[in-house]
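# sequence first, then the predicted structure:
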Amino acid sequence: MTKGKKRKTLFSLSIALTSFVAFNGVSNVSAAVPAIEERELENNSEATQARTSNETLQEWKKWTNDHAYSLTSIQPEAIGQQNIPSTKFEDLEMLKSLLHDKRIVFLGESSHGVAEFNLAKTRIIQFLHQEMGYNVLAFESGLGNAMNAQGNIDKQTAQQTMKDAIFRVWWTKETLPLFEYSKKTQNTDKPLKLAGFDIQQQGEFTNGDWLQNSQLAKQFGEAEKQLAEWSYSNDLKGYQKVKPNIIAIYKQVKSQVPLKEKELKAAYPSEPHIVKLMERTFADRIRLAEEYVELSIKTTIELEQDKYDSYLKTMEWRDQAMMENLLWLAEDIYPTEKFIVWAHNDHIRKAQSEVKGSPDSVKLMGERLPDIYKKYSYVLGLYMASGETANNLREPMSVLPPIKGSIEDILSSTNEPYTFIDLRSRQNERGNSWMFEPRLSYSWGIMEESLVPRDQYDGILLIDKVSKPNYIK
């Protein structure tokens, strides 16, 4: 397959998943999603890496073995009637000094389809919440959907909360303990509150019963379905004709929100900020209808012509909106709380536009954050060295063997199952110079990228062997 055809396949699958989200059980979700076919960098034109001598590589590996931390487990801790004993988290104690002044901890992942990523992040979240006071967990998922899940968390099962809150790619048995843990904390003085910051549709985020107007609630439901269907259409003129009516319905419903405060609080008793969150979600829907859907339609049209400008614009548009939502949550809704953010590596990296080989080498959320937020944040990227992952369609993909001198190759030299390395506090020296120059790595376990690790992450967690999640329907 030629490079052009490979890129088209990759972009096409990405766009299909980005748009086909609301009523078909499949969610975007992040950055480009790889096709099953392995993607190779041809003639090294899309990624560059400094040449590495065997001697230098061995120095890097020795330094890494001397300075890396090994986690004893990634299994979430059992939830009892009391707090988890602090002794259970002894292997994570080093995070206290690294994160003592950080308000936001970004937990990334190189693929959405990894059981061990879900387990490891759940255990880290338990530690951050219980031991370090991080009380808000914000997902790369719908703002309104997480609002709905938090509002009803005491009235439904943890599994239903998970399905309401997050994209389908994370509906797994490995993620479920996180929602069981969150549900348990709700009756404590420090509940772990769920939030979302994505602007994309993720199904109908509210049933509209609180409107006490069955006709308007029905119109809202129809508008949701229409918007989702138009998002993956190629009929731009057709959408432009119906767009004013869709927007008018959303505006009409939004106008009812401040008038229905009593009804909203009754419908969502576990979400004290329900009015503000509902207004914000409807404002997002209006923006989506006004701008994003047309970009999605243009993307579908242009992909058939091997053009990618609109695709990149949709990525930038979405990540700008996600950043704005995250800052709004941090400043207006939870101004005194510390945050944990769950998202793909691409969205949280500090300089995504500098990554070579990525189809999304544009400024995404992490790069767009104001400097003050970057200063008081810690970005942790998760990678894998072997095993099996899955794409957003839940199809399995074999993880490619680490490339000599790559991030995965260097970190896996510890021969430990779970290797953590801090980058942020390091100065460039002979043994760790690999952090400060371009290194290859795999996105989704199969897509070669080149990046300067320390320019992108504050820390990296490598899981030696991974497996496909156990999905929940």
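Everything's here; your move. Numbers count the residues shown, from 1 in each chain.
# roughly how far does residue 331 sit from residue 339?
Using C-beta to C-beta, to the nearest Å, we find residue 331 at a distance of 11 Å from residue 339. Every C-beta, even on glycine, is put in place using the N, C-alpha and C of the backbone.
# quick one: the helices in the stretch 351-473 of the chain?
Per DSSP state H, counting those that start in this stretch, the stretch 351-473 of the chain has helices spanning 365-368, 371-375, 407-412, 453-456. These are given in chain order.
# give me the more crowded residue out of residue 331 and residue 339.
Per other C-beta atoms under 10 Å, whichever of residue 331 and residue 339 has more neighbours is residue 339, with 24 against 9.
# who's that one bridged to?
Taking DSSP bridges as the rule, residue 339 bridges to residue 104, residue 136.
# pretty sure it sits against residue 136.
Yes. When contacts are counted by C-beta atoms under 8 Å, residue 339 is listed as touching residue 136 (4.8 Å).
# shared neighbours, the two?
With contacts defined as C-beta atoms under 8 Å, 6 or more residues apart in numbering, the residues shared by residue 339 and residue 136 are residue 329.
# so how many other residues sit close to residue 346?
Look at residue 346: counted by other C-beta under 10 Å, it has 28 neighbours.
# thought residue 353 was touching it, still the case?
No. Here residue 346 lies out of contact with residue 353, judged by C-beta under 8 Å, at a distance of 10.8 Å.
# overlap in contacts of these two?
Counting by C-beta under 8 Å, 6+ apart, the residues touching both residue 346 and residue 353 are residue 364.
# can you pull the contacts of the spatially most central residue of the chain?
For the chain, the residue whose C-alpha lies nearest the mean C-alpha position (C-alpha atoms, centre = their mean) is residue 343; its distance is 1.8 Å. Contact criterion C-beta under 8 Å, 6+ apart gives 30, 106-109, 139-140, 365 as the residues in contact with residue 343.
# now swap in residue 379 and tell me
Applying C-beta under 8 Å, 6+ apart, one finds that residue 379 lies in contact with 106, 108, 348-350, 366, 456-459.
# mind doing that once more with 7 Å?
Residue 379 sits next to 106, 108, 348-350, 366, 457-458 when contact means C-beta atoms under 7 Å, 6 or more residues apart in numbering.
# what distance do you get for the closest residue to residue 349 other than its chain neighbours to residue 144?
Distances taken as C-beta to C-beta, 6 or more residues apart in numbering place residue 456 nearest to residue 349, at 4.4 Å, with adjacent residues excluded. Here residue 456 is placed at a distance of 30 Å from residue 144 (C-beta to C-beta).
# what ranges do the strands span in this structure?
69-70, 104-107, 134-142, 193-198, 338-342, 377-384, 388-390, 396-398, 418-422, 439-443, 447-451, 459-463 (DSSP state E).
# residue 424: neighbour count?
Here the neighbour count serves as a burial measure; for residue 424 (other C-beta under 10 Å) it reads 13.
# also the one 4 residues further on?
Number of residues near residue 428 (other C-beta under 10 Å) recorded here: 10.
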